[in-house]
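Undergrad: give me the fold of what follows.
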Amino acid sequence: MEPHAEILTALHEKTEKTIQHLREQLGSIRTGRASPTLVDTIRVDYYGSMTPLNQVAHISVPEPRQLMIKPFDGSPPVMKEIERALLKSDLGLTPQSDGKVIRLVMPPLSGEQRQKLVHKVKDIVEQNRVALRNERRDANKHADQMKKDGKLTEDQCKKAHDEVDRELKAADGKMEELLKLKSKEILEE
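TA: This next block holds a predicted model:
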């Protein structure tokens with residue numbers, strides 16, 4: 001096993017976590033269509049414990065522009081807490097409750113709103129790219145330190161830097177693909 005393999009393994013794990021984090025961030029951005037991932041980040045005060053919404057209710061999409069939230073415990077206090085959490089979220093949607101289920105209706109997005117959302121998506125992707133660049137810098141510093149300590153030769157250090165760059169290019173390609181997919185999803189009617 002190459003002496004710099006531990007650097008690359010750690011970098012790969014970090015880039016995968018960054019990409020997964022980006023997926024979660026993009027999943028919570030509202031598009032013209034309803035998706036259960038929109039409410040993934042919402043937490044509900046469930047009997048004194050902040051609990052993810054999907055652990056206290058079944059979330060479904062009965063129509064393309066509607067989310068239906070059916071609490072497992074349909075008691076009025078739980079319904080009120082779910083409504084409160086939805087209102088406090090940055091979804092910008094008003095929950096409609098009939099006492100048994102809560103509906104979230106997605107209004108169609110205007111062209112201007114779509115452009116703002118695409119811009120927001122680009123900003124989120126850029127923030128994650130900065131995180132990737134920081135991870136690359138740390139991995140390269142680690143390789144340089146190993147060379148300084150005599151654990152890597154000059155050639156091994158250069159090879160480590162090249163492999164770190166390859167790993168980052170691959171991760172950046174995945175991020176670019178996520179950006180294109182989410183932008184297309186937002187812009188299509």
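Undergrad: the strands in the protein, which residues?
TA: 43-46, 49-52, 57-63, 66-71, 96-97, 102-105 (DSSP state E).
Undergrad: just the helices from the protein, written as ranges.
TA: 5-27, 76-88, 111-148, 154-187 (DSSP state H).
Undergrad: with distance to Gln127, mean neighbour count and mean pLDDT added, can I get the strands of the chain in CSV?
TA: No exception for glycine: its C-beta is placed from N, CA and C like everyone else's. What follows is the strands of the chain, written out as CSV (distance: least, Cβ to Cβ, whole Å; neighbours: other Cβ atoms under 10 Å; pLDDT from 0 to 100):
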stretch, distance to Gln127, mean neighbour count, mean pLDDT
strand 43-46, 22, 19, 88
strand 49-52, 23, 12, 88
strand 57-63, 27, 15, 89
strand 66-71, 27, 18, 89
strand 96-97, 34, 14, 88
strand 102-105, 27, 18, 88
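Undergrad: which stretch among the ones you listed comes nearest Glu154?
TA: strand 49-52 (49.9 Å; Cβ to Cβ).
Undergrad: and that closest one, which strands flank it?
TA: strand 43-46 (antiparallel) (DSSP bridges).
Undergrad: and the strand it pairs with, how far out from the chain's middle?
TA: Per Cα atoms, centre = their mean, to the nearest Å, the displacement of strand 43-46 from the mean C-alpha position of its chain is 20 Å.
Undergrad: likewise stretch 115-125?
TA: 13 Å.
Undergrad: any regions of the protein where pLDDT drops low?
TA: 1, 30, 189 (pLDDT under 70).
Undergrad: mind splitting it into its structural domains?
TA: Listed domain ranges for the chain are 5-27+110-187, 36-105 (source: automatic domain parsing).
Undergrad: now do the same contact list for the nearest residue to Gln96 once chain neighbours are set aside.
TA: Of all residues not flanking Gln96 in the chain, Arg103 sits nearest, at 4.7 Å (Cβ to Cβ, 6 or more residues apart in numbering). By Cβ atoms under 8 Å, 6 or more residues apart in numbering, Arg103 lies in contact with 66-69, 95-97.
Undergrad: and with 7 Å instead?
TA: Arg103 is in contact with 66, 68, 96, counting by Cβ atoms under 7 Å, 6 or more residues apart in numbering.
Undergrad: likewise Ile7?
TA: 139, 142-143, 160.
Undergrad: just give me the closest of those to Gly150.
TA: Checking the contacts of Ile7 against Gly150 by Cβ to Cβ gives Ala143 as the nearest, at 13.0 Å.
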